[in-house]
Each structure stands twice: as C-alpha cells, then as structure tokens.
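[1] quick one, what's the 3D model for this:
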Amino acid sequence: MSDALQNDISTSIINERDAVRENERRERFEAISVRLVQIAIAASFFGLWEWGTRTGHISTFLFGSPSQVWELAAARLQNGSLLYGAYLTGLETIIGFLLGSILGTALGLGLWYSRFVARVMSVFILALGSVPVLALGPLIIIWFGVGIESKIILATVSCVIVALLQAYEGAQQVDKDLIKLLKSFGATKFQIFTKVVIPSSYGWVVAAAKLNVGFALIGAVIGEYISSEAGLGNIILIAGANYNIPLVLLGVFSLMVLAFALSLAVGVLERTLLKWKVSGNR
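    Predicted structure coming up:
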C-alpha cells in the first residue's frame with residue numbers, strides 16, 4: 001500500500017471521527033437547551049400563577065396557589081400520607097401494567113398461530129375494547145371488593161386490549177417471503193414463531209408498553225375514585241368533595257410525577273430489551 005493511499009485512509013478516518021464527535025456535541029447541546037427551555041416554561045408558569053394569586057388577579061379559592069400546594073406537600077410528606085398514597089397507586093399501576101402487558105402480548109402473538117381463531121375472536125376483542133373501563137369499574141369493585149385487587153384488575157383490563165392489538169399487528173407485519181423461505185428450509189411453526197415473529201414484533205410491543213403506562217394509571221385511579229380507602233385517586237376525590245383545591249392540585253401533580261417516573265422505567269426496560277435483542281441476534 002502506497003504512502004499516499006495510507007494518508008488518504010488516515011485522513012478519512014480522522015474526518016469521520018471528528019464528524020461523529022461534532023454530532024455528539026451538537027446532540028448534547030440540543031438536549032441541554034431543551035431542558036433549560038422546559039425549566040424556564042415551568043418556572044414562568046408557576047411564577048405567574050403565584051403572582052396572580054398574591055395580587056388578587058387569580059382566585060385562590062378556585063385555583064389555589066403554588067405556595068399552598070407546596071405547604072400541603074411538605075405537610076403530607078412529613079406525615080407520610082402522600083408517600084403512602086403514591087406507593088399504593090404506583091403498586092396498583094405497576095402490577096396491572098405488567099399483568100395486562102404480558103397477558104395481552106401473549107394473546108396477541110398467540111393469535112398469529114391460527115388465522116381462523118384470530119378471525120373468530122376479533123369481534124369479541126373489538127367488543128371488549130369498546131367498553132370504557134369506567135363502565136366496568138362498578139362490576140369489578142363488586143366482584144373483587146374495595147381493596148387493592150379490584151384496582152389491579154382495572155389497571156390490567158385497561159392495558160390488555162392495547163397490548164393484544166399491538167402484538168398481533170406486529171406479528172402480522174412479519175415479512176411473508178421470509179416465512180416462506182424458512183418453511184422451504186424445513187423450519188417448524190414454533191421455530192418461525194420464536195426466531196422471527198417474536199423478535200420482529202419487538203417494536204410494536206414496546207410501543208404498546210409506552211401507551212399502557214398511562215392506561216394502567218388511569219385504570220388504577222378510576223378504581224380509587226369509585227371505591228377506595230387510600231391512594232392518590234382517593235386523596236383527589238375527598239379533596240374535591242371538600243372543595244380543597246390545593247389538595248386536589250397536589251394529588252394531580254403527584255400523579256404527573258408518578259406517570260413520569262413510570263415512563264422513565266419503561267424507557268429503561270426498552271433499552272434493556274434492545275440489548276437483549278441485539279445480543280440474541282449475534
């Protein structure tokens with residue numbers, strides 16, 4: 001290899017490395033800029049809200065104030081009632097999310113085995129998916145009681161249909177020519193299912209999981225609204241009945257924080273599954 005060619009290759013490698021580093025620096029700068037803008041928007045919103053309540057432009061009776069919410073949060077954190085409510089609602093949401101996602105994904109992927117069964121079950125899946133969880137709430141409360149079990153069931157029901165439909169759609173999107181090729185080489189249906197269908201449906205399953213975090217939380221809170229002794233939904237319900245707007249807002253903000261934390265956990269799970277998928281394909 002000539003010296004000129006070696007120099008060209010070295011220069012190309014250096015330029016490519018510099019381009020990658022520049023792109024990484026640009027992405028980091030953009031991420032920091034996004035976070036700063038988000039913080040600025042939130043600070044401006046709460047600042048204007050507090051200013052409006054202190055100057056009388058905003059009614060504290062109707063809208064409360066950030067300072068009132070903060071004082072309530074400090075008091076509730078100190079006596080442990082807010083943490084316990086968040087723990088209970090989070091536990092109901094997590095268990096319901098896992099049960100609904102696993103059950104729905106298993107059923108959705110399982111329907112790939114038989115087109116006939118999938119067509120038979122489609123009308124029943126559509127019927128169940130069209131029923132609002134709120135309508136099923138009273139029945140589930142009656143059947144399973146006012147304890148944590150009924151909230152878990154509601155959270156599970158909220159997730160299962162979405163997970164089922166996404167998993168089934170993902171299985172249907174598998175390359176038909178690839179399946180025919182594998183069959184021509186003598187691959188069994190189980191081998192095709194485990195080696196092709198499941199890995200190919202990964203993106204659809206993850207998309208369902210991201211949606212189901214919110215649905216599971218909604219199901220758990222609906223159950224707490226209908227009948228409960230604790231939980232963030234119970235806090236909001238009682239506060240609303242007593243016209244305690246700051247406490248209602250505290251419950252709502254706590255649900256936002258809980259939803260954000262659960263979404264981050266799903267993101268971690270997604271990256272873990274991605275590593276497993278990549279290592280499994282090697």
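
[2] and the helices in this protein?
    3-55, 60-63, 66-79, 81-110, 115-130, 133-144, 148-172, 176-184, 189-192, 198-200, 202-226, 232-241, 245-280 (DSSP state H).

[3] can you count the residues close to A241?
    Applying other Cβ atoms under 10 Å, we find 9 residues neighbouring A241. The C-beta positions use only the backbone N, C-alpha and C, and glycine is treated the same way.

[4] how near is it to L247?
    To L247, A241 is 11 Å away according to Cβ to Cβ, to the nearest Å.

[5] before we move on, what about L36?
    Taken as Cβ to Cβ, the span from L36 to L247 is 31 Å.

[6] look at these two and report which has more neighbours.
    L247 (22 against 10).

[7] ok, the nearest residue to that one once chain neighbours are set aside - contacts?
    Nearest non-adjacent residue to L247, counting by Cβ to Cβ, 6 or more residues apart in numbering: A239, 3.6 Å away. By Cβ atoms under 8 Å, 6 or more residues apart in numbering, A239 lies in contact with 245, 247-248, 250-251.

[8] just among those, which is most surrounded?
    Neighbour counts for the contacts of A239, by other Cβ under 10 Å, peak at G251, which reaches 29 neighbours.

[9] wait, doesn't it sit right on L232?
    Yes: judged on Cβ atoms under 8 Å, G251 makes contact with L232 at a distance of 5.2 Å.

[10] which neighbours do those two share?
    G85.

[11] can you tell me how far the residue nearest the centre of the chain sits from I94?
    For the chain, the residue nearest the mean C-alpha position is V213 (2.9 Å; Cα atoms, centre = their mean). Noted for V213: a distance of 9 Å to I94, by Cβ to Cβ.

[12] quick check: neighbours shared by the two?
    The contact sets of V213 and I94 overlap at L262 (Cβ under 8 Å, 6+ apart).

[13] next one: Q191 from F185, what distance?
    10 Å.

[14] which one of the two has more residues nearby?
    Neighbours per residue (other Cβ under 10 Å) separate Q191 from F185, with Q191 holding more: 13 against 7.

[15] can you count the residues close to the nearest residue to the more buried one once chain neighbours are set aside?
    The spatially closest residue to Q191, leaving aside those adjacent along the chain, is L182, at 7.4 Å (Cβ to Cβ, 6+ apart). Neighbour count of L182, defined by other Cβ under 10 Å: 16.

[16] wait, L182 touches V196, no?
    Yes: counting by Cβ under 8 Å, L182 touches V196, with 6.8 Å between them.

[17] contacting residues around the closest residue to V174 other than its chain neighbours?
    Distances taken as Cβ to Cβ, 6+ apart place S200 nearest to V174, at 4.7 Å, with adjacent residues excluded. Shown in contact with S200 (Cβ under 8 Å, 6+ apart): 170-171, 173-175.

[18] pLDDT at S200, what is it?
    We have a pLDDT of 77 for S200.
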